[in-house]
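**Q** just to be clear, the model below is a prediction. Sequence and coordinates:
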Amino acid sequence: MRTRAAMLCAAAVMTAGSVTAVPAQAAPTAPAAKLTWKTCGTSDYPKLQCASLKVPLDHTHPSGTQITLALSRVPHTAATSQGPLLVNPGGPGGSGLMLAGFVASALPKSVAAQYDVIGFDPRGVGRSTPALDCSPRHFRTVRPDTVPATAALEQKNLQRAQSFAAACGRKYASVLPYINTVEAVQDMDSVRRALGAQKISYFGYSYGTYLGAVYGKLFPERVRRLVLDSIVNPTGIWYEDNLAQDYAFNDRHRALMAWIAKYDSTYRLGKDPAKVEAAWYAMRAALAKKPAGGKVGASELEDTFIPGGYYNGYWPYLAQAFSAYVRDKNAQPLVEVYQHFAAVDSSGDNGYSVYTAVQCRDASWPHSWTRWRTDAWGVYAKAPFMAWNNAWYNAPCAYWPAGTLKRVNIANGKLPPTLLFQATNDAATPYPGGVTAHHLLARSSLVVEDGGGNHGITLSGNSCLDKYLADYLTSGKVPHGTGTADAVCKKSPDPKPLKAKAASTSSRGSTLHGLLRFRR
């Protein structure tokens, strides 16, 4: 969906499609497990502790096959505790272990001290077992061009998607039916029980907003406070949401091109954003013929610039590499930013495996490739930047071996006051999704970053947003407005060009975005 920078009061709730009834909650037959916490601190998060918890693979059969969840926490230090605050970075497929340390350190000390901040690797992820890895090195370079200009290119990409789905089916046939949002939510309630808490608070980014909303649907009486930042449109799970992303990412990519044009004295790519964009697509065409360093072809170039749609703190690095390639005929900076922002390692293979397992299982997808092709070309005609890249990223869902569920209707009038955060120009979770969730969650309040384009906006340097977050976690206080937005904050400023070649993107914003998984 195209961005709506000025539509704070005009977004309509999207029509809900087919939904599934809320699954019956599995009644445990044994006492809650007790957790044994051990020190696992890092130099960044020295107070971090870790534990593991066994949960049923199938929560309707609690005494059946067990799997293990990896947990982390930063304990409260205040005399009075507000209980556990579970945190999730999104994905699906993102590890939450380090996010607990980040949240505890980024919140005001007086607020963090009141909570046991709990991170977790959802089922299939990271240090939880089994950890999925369907097809190691699925993203090895150089991949076929994502834009299927020929039938041969389309077949190559289609075969990659089909082979990935088949590999998942071969390796994890007994597991895949249970890798989905509803089972992960049941796991969260197992964590609550193991913590000995009657209620939990929850703070989720990106896909973590859907995870939190579904938890609230299944266990509304177990929710104390609920914070959702950069909100998935719960009525578009997942095919429609991905099409909406394509338009929004194209707008965000053009915002980057305009930013580069603004600083033409630094990047020397032109003062007209349209000419800068044309130079980017010319670079893409050149890399399709001759990949930079034998690693960065057209597909890898897209992968490298997609993170810029999530976080503008990456723009100076992307612009620098773009300029070096075009103006100085130097491909090395492009290879370096690819390796830093886009190259997929074993944890990335795991993340993508869980991403597909959850999204492909959560809801129905078109099974006719003709439908996918028609939709992708239709989007490409208007918004070419990510249209085909995103289609192929999700294409295994057309061939998923585990079948699909129906999405959960998250509409809820039973929750306590809930706090939502959304940027108007967010590409990964476009603004209308936040408005839709606001309408569906009856007692929610929506805080908007007007003109902001980053994905994951709290604890990233905007003091206005962070004040609303801190007040809510401290007292449960939420703002109440008369329009769609209950409160509006000014956007965080765009970055400036690097003063010199920098080796680090270190900042609170970049730390957060290193913990949030791209794609959601």
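**A** Perfect, I can see it now.
**Q** quick one, strands of the stretch 101-250 of the chain?
**A** Here the stretch 101-250 of the chain has its strands, by DSSP state E, counting those that start in this stretch, at 116-121, 200-205, 223-229.
**Q** out of the ones you listed, which gets nearest to residue 279?
**A** strand 200-205 (33.3 Å; Cβ to Cβ). Yep, even glycine has a C-beta here, placed from its N, CA and C like the rest.
**Q** mean pLDDT and distance to residue 172 added to the strands of the stretch 101-250 of the chain, as JSON lines?
**A** Below are those laid out as JSON lines (pLDDT from 0 to 100; distance: least, Cβ to Cβ, whole Å):
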{"stretch": "strand 116-121", "mean pLDDT": "98", "distance to residue 172": "16"}
{"stretch": "strand 200-205", "mean pLDDT": "98", "distance to residue 172": "25"}
{"stretch": "strand 223-229", "mean pLDDT": "98", "distance to residue 172": "30"}
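**Q** would you mind giving those strands as a markdown table with distance to residue 54 added?
**A** Converted to a markdown table, these look like this (distance: least, Cβ to Cβ, whole Å):
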| stretch | distance to residue 54 |
| --- | --- |
| strand 116-121 | 13 |
| strand 200-205 | 19 |
| strand 223-229 | 24 |
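**Q** give me the neighbour count for residue 33.
**A** Residue 33 has 16 neighbouring residues, counting by other Cβ atoms under 10 Å.
**Q** ugh, wrong one, residue 61
**A** Here the count is done by other Cβ under 10 Å, and residue 61 has 11 residues near it.
**Q** that one and residue 178: what is the separation?
**A** 10 Å (Cβ to Cβ, to the nearest Å).
**Q** show the contacting residues for residue 191.
**A** Neighbouring residues of residue 191 by Cβ atoms under 8 Å, 6 or more residues apart in numbering: 53, 69, 71, 86, 118, 120, 200.
**Q** quick one: the fifth one and residue 86 touch, right?
**A** Yes - between residue 118 and residue 86 there is a contact under Cβ atoms under 8 Å: 4.8 Å.
**Q** okay, helices next: where are they in the stretch 401-520 of the chain?
**A** 431-440, 463-475, 508-515 (DSSP state H, counting those that start in this stretch).
**Q** which strands or helices does the first one pack on?
**A** If I follow you right, that is helix 431-440. Contacts defined by 3 or more Cβ pairs under 8 Å, 6 or more residues apart in numbering; DSSP states H and E place helix 431-440 against helix 239-262, strand 418-423, strand 444-450.
**Q** can you say which of these is nearest to residue 184?
**A** Minimum separation from residue 184 across the helices and strands packed on helix 431-440 (Cβ to Cβ) falls at helix 239-262, 17.7 Å.
**Q** what is the rounded mean pLDDT of the next helix or strand along the chain from the closest one?
**A** Counting by DSSP states H and E, the next helix or strand C-terminal to helix 239-262 is helix 264-267. Mean pLDDT, helix 264-267: 98.
**Q** what's the angle from the next helix or strand along the chain from helix 264-267 to helix 239-262?
**A** Next helix or strand after helix 264-267 toward the C-terminus (DSSP H and E): helix 273-289. Between helix 273-289 and helix 239-262, the angle comes out at 110 degrees (axes from the mean of the first three to the mean of the last three Cα atoms, to 10 degrees).
**Q** what mean pLDDT does helix 273-289 have?
**A** 98.
**Q** buried stuff in that helix?
**A** Across helix 273-289, burial judged by 16 or more other Cβ atoms under 10 Å covers 273, 276, 277, 279, 280, 283, 284, 286, 287, 288.
**Q** right, I'll leave it there.
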